[in-house]
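Asker: model this:
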Amino acid sequence: MDVDMLTTLPNEVLHHIFKDVEVMDIARLTRTCRKLHAFTIHNVALFRDMFLQRLDGSIFDTRNWEEELHLLVKMERILAYKTHAEKVSCLPQLTEMVDHFLKIAAVDKPSKTRIHLAEIFASAEDKIAFLLQSEIYRRLRADTEHRRDPEHTPHPRSLRSESGEKFRQRQASAKLHVLYGGPSADPEYSWSSQDKAYEYACSVVYDLRNYTLGPIGTKWGPFLPNGKAMADWEKIEAILIVINYNIRAYLDDDHRPYIEKLWRTAFEGVTPGSFKSIPQGLSEPQKPQPLDHADPYNITGTYIRIICFLDFHELHHYNFTSQSSQTISNNEPRPPLATQEAIRILHMELKVTAIKYPGDEGYRGAGSAPAVYFEGVSGSASRHDMEGGHSRTRGCVRMTEEGELRWTTFSVYWGEERWKSEGIQVGGVNSGRGVFGSWFDKHHSREGPAGPSVFWKISDEINPKSKALFPGDESDDSEGDDYIPVLFA
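Answerer: Coordinates of the predicted model:
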């Protein structure tokens with residue numbers, strides 16, 4: 001069909017034809033003739049239907065559909081670049097667009113957005129260019145090339161940097177990898193497997209300097225060393241790699257299927273509101289309390305937590321007495337760490353105890369968002385580790401200046417705070433993927449210990465046996481210690 005024939009068709013027919021064209025072709029339509037230019041320019045209904053053919057939304061949404069389609073066109077254009085360098089140069093813009101589309105993706109039905117994004121990042125070439133450009137993978141690539149050809153490839157010297165365009169590209173790639181999840185490796189590239197990246201990720205999470213960097217420090221969390229608790233996505237990526245490796249290596253069949261679905265499915269659980277509560281088989285439904293209704297972060301409920309740690313002597317040797325620890329400069333990363341960690345699986349039951357708003361005494365938040373405080377209990381979630389330590393838990397959830405959800409928790413034994421953790425909830429408020437961060441001694445000892453941690457909510461319900469352990473209840477025994485939460489719907 002030529003242009004002359006197209007221009008004779010009714011607008012309704014043109015709309016039906018054009019809503020199925022490739023999004024990058026819509027701009028070309030405006031340049032074909034005056035009739036088609038007039039039809040397509042600012043055609044909100046056409047832009048809306050073209051967008052909804054590919055990504056989530058509703059015809060009743062009040063979005064600016066022209067801007068949304070322009071963003072989609074920009075994303076598709078970046079993905080269509082031919083050279084690796086072109087793709088890498090656009091990483092910050094691409095990650096921002098993917099993050100935007102995930103924030104408005106559907107959570108109450110199969111998500112076209114998540115499926116579409118998984119498809120466009122399916123090729124090995126795009127995974128390399130977009131998902132594996134952080135410092136961990138840069139070091140891994142360079143070391144692999146050096147081992148293959150040591151005579152012609154000088155051994156790489158890596159310097160840590162927290163500024164500049166390269167740093168922004170690395171952070172964007174790491175964030176995109178974290179949003180994508182676990183299945184990033186491709187067998188076509190021997191260096192890209194997460195098993196190989198594991199040793200480099202360990203060198204990040206067990207390098208104690210990463211908890212105390214800069215004159216202000218990182219608050220011992222997965223934050224940049226600027227004192228503002230801004231997410232350091234390369235640290236969060238390292239936590240993802242380490243935890244994911246340990247899940248596949250050590251978890252038993254009771255836990256692995258549910259965890260792998262959440263972690264091994266591309267872009268799963270990284271949309272606000274994507275959490276789905278799993279019933280815990282209670283005889284009577286639990287009624288939300290008044291504070292639960294006021295809590296914008298939906299904290300009250302049951303959680304699964306995984307923590308990893310090194311033998312303390314190995315941690316100390318790696319940081320203070322090994323040969324490498326004596327020779328590297330402060331701005332060089334430590335060498336890859338080949339180790340075998342210990343892993344603990346815990347369950348937590350948390351309930352909201354207070355909500356503070358800007359202007360309230362003791363408020364510790366950002367902008368107009370409230371800070372929500374919680375208390376609860378924690379214990380082993382493994383039938384094979386019922387002797388693991390049980391503790392009370394308390395903490396706070398609040399927004400950072402950049403709009404990320406920050407969790408601070410304390411583990412309390414016999415009335416005394418012992419361990420502390422800091423983390424970022426990947427995906428935002430009430431997302432399903434979880435809180436990625438680090439645990440450490442609450443006194444912030446520069447000699448540790450410290451290690452990676454992740455926890456995620458599995459149910460809005462709380463086991464009744466655990467209620468006796470909540471502060472304010474009359475009983476303070478261990479009635480609920482051998483409760484194992486229900487992991488599967």
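
Asker: Tell me which stretches of the stretch 251-400 of the chain form helices.
Answerer: Per DSSP state H, counting those that start in this stretch, the stretch 251-400 of the chain carries helices over the ranges 256-264, 290-294, 312-316, 323-327.

Asker: which stretches of this structure have low pLDDT?
Answerer: The model of the chain has pLDDT under 70 over residues 1-4, 151-163, 183-194, 214-216, 251-262, 283, 382-389, 465-489.

Asker: picking up where we left off before, now render the helices of the stretch 251-400 of the chain as JSON lines, adding distance to residue 373 and mean neighbour count.
Answerer: Bear in mind the C-beta positions are built from the backbone N, C-alpha and C, glycine included. As requested, the helices of the stretch 251-400 of the chain are exported to JSON lines (distance: least, CB to CB, whole Å; neighbours: other CB atoms under 10 Å):
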{"stretch": "helix 256-264", "distance to residue 373": "27", "mean neighbour count": "16"}
{"stretch": "helix 290-294", "distance to residue 373": "10", "mean neighbour count": "12"}
{"stretch": "helix 312-316", "distance to residue 373": "31", "mean neighbour count": "15"}
{"stretch": "helix 323-327", "distance to residue 373": "39", "mean neighbour count": "11"}
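
Asker: Which one of those helices lies nearest to residue 451?
Answerer: Distance to residue 451, taken as CB to CB, is lowest for helix 312-316 among the helices of the stretch 251-400 of the chain, at 8.3 Å.

Asker: gap between the spatially most central residue of the chain and residue 122?
Answerer: Ranked by distance to the mean C-alpha position of the chain (CA atoms, centre = their mean), the top residue is residue 426 at 3.4 Å. Using CB to CB, to the nearest Å, one obtains 21 Å as the distance from residue 426 to residue 122.

Asker: follow-up on the earlier one: wait, the residue nearest to the centre of the chain sits on residue 236?
Answerer: Yes: using CB atoms under 8 Å as the test, residue 426 is close enough to residue 236 to be in contact (7.1 Å).

Asker: so what sits against both of those two?
Answerer: Shared contacts of residue 426 and residue 236 (CB atoms under 8 Å, 6 or more residues apart in numbering): 178, 436.

Asker: Turn the helices of the stretch 251-400 of the chain into CSV, columns for distance to residue 368.
Answerer: Supplementary listing: these in CSV, determined by distance: least, CB to CB, whole Å:
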stretch, distance to residue 368
helix 256-264, 31
helix 290-294, 15
helix 312-316, 41
helix 323-327, 45
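
Asker: right, and the ones you listed - which one's nearest residue 303?
Answerer: Proximity to residue 303, assessed across the helices of the stretch 251-400 of the chain by CB to CB, is greatest for helix 256-264 (12.8 Å).

Asker: Just want the phi and psi numbers for residue 408.
Answerer: Backbone geometry at residue 408, expressed as degrees, to the nearest 10, gives phi -120, psi 130.

Asker: Residues touching stretch 359-366, excluding its own?
Answerer: With CB under 8 Å, 6+ apart as the contact definition, stretch 359-366 has outside contacts at 356-358, 371, 396, 398-401.

Asker: Return a PyMOL selection command for the buried portion of those residues.
Answerer: Applied in PyMOL, the following selects the buried portion of the contacts of stretch 359-366 according to 16 or more other CB atoms under 10 Å:
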select buried, resi 356+371+396+398+399+400
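
Asker: Could you count how many residues lie near residue 370?
Answerer: Applying the criterion other CB atoms under 10 Å, we find 20 residues in the vicinity of residue 370.

Asker: contacting residues for residue 9?
Answerer: Residues in contact with residue 9 (CB under 8 Å, 6+ apart) are residue 17.

Asker: that older thread, of all the helices of the stretch 251-400 of the chain, which one comes closest to residue 202?
Answerer: Put simply, out of the helices of the stretch 251-400 of the chain the one that sits nearest residue 202 is helix 312-316, at 10.7 Å, with distance taken as CB to CB.

Asker: In the chain, where's the longest strand?
Answerer: Secondary structure of the chain per DSSP state E: the longest strand is strand 342-356.

Asker: which helices and strands sit right next to it?
Answerer: For strand 342-356, the packing partners by 3 or more CB pairs under 8 Å, 6 or more residues apart in numbering; DSSP states H and E come out as helix 290-294, strand 301-309, strand 371-380, strand 391-399.

Asker: Of these, which is nearest residue 450?
Answerer: Between residue 450 and the helices and strands packed on strand 342-356, the shortest gap by CB to CB is with strand 301-309, which sits at 8.3 Å.

Asker: tilt between that closest one and strand 391-399?
Answerer: Taking axes from the mean of the first three to the mean of the last three CA atoms, to 10 degrees, one finds strand 301-309 and strand 391-399 inclined to each other by 100 degrees.

Asker: For strand 301-309, which outside residues touch it?
Answerer: Residues outside strand 301-309 that contact it (CB under 8 Å, 6+ apart): 205, 242-243, 246-247, 255, 259, 277, 280, 315, 341-350, 378, 381, 439, 449, 451-463, 485, 487.

Asker: cutoff 7 Å now
Answerer: Residues from elsewhere that reach strand 301-309 (CB atoms under 7 Å, 6 or more residues apart in numbering): 242-243, 246, 280, 341-350, 381, 439, 449, 451-463, 485.

Asker: What's the ChimeraX syntax to select whichever of the residues you listed are buried?
Answerer: When burial is assessed using 16+ other CB under 10 Å, the buried subset of the contacts of strand 301-309 is captured in ChimeraX by this command:
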select :242,243,246,280,341,343,344,345,346,347,348,349,350,381,439,449,451,452,453,454,455,456,457,458,459,460,461,462,463,485
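
Asker: Would you mind listing the buried residues in the helix or strand containing residue 173?
Answerer: Per DSSP states H and E: residue 173 is located in helix 164-180. Buried positions in helix 164-180, judged by neighbour count with 16+ other CB under 10 Å: 169-180.

Asker: Kindly report the same for stretch 44-58.
Answerer: 46-52, 54-57.

Asker: Filter those residues down to the ones in helices?
Answerer: In this view, the buried residues of stretch 44-58 that belong to helices under DSSP state H are 46-52.

Asker: now these as a markdown table including distance to residue 409?
Answerer: Formatted as a markdown table, the entries for these read as follows, by distance: CB to CB, whole Å:
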| residue | distance to residue 409 |
| --- | --- |
| 46 | 49 |
| 47 | 45 |
| 48 | 43 |
| 49 | 46 |
| 50 | 45 |
| 51 | 40 |
| 52 | 40 |
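
Asker: which one of those residues sits closest to residue 230?
Answerer: residue 51 (31.3 Å).

Asker: wait, the closest one sits on residue 70?
Answerer: No: Residue 51 is not in contact with residue 70 according to CB atoms under 7 Å; the separation is 10.1 Å.
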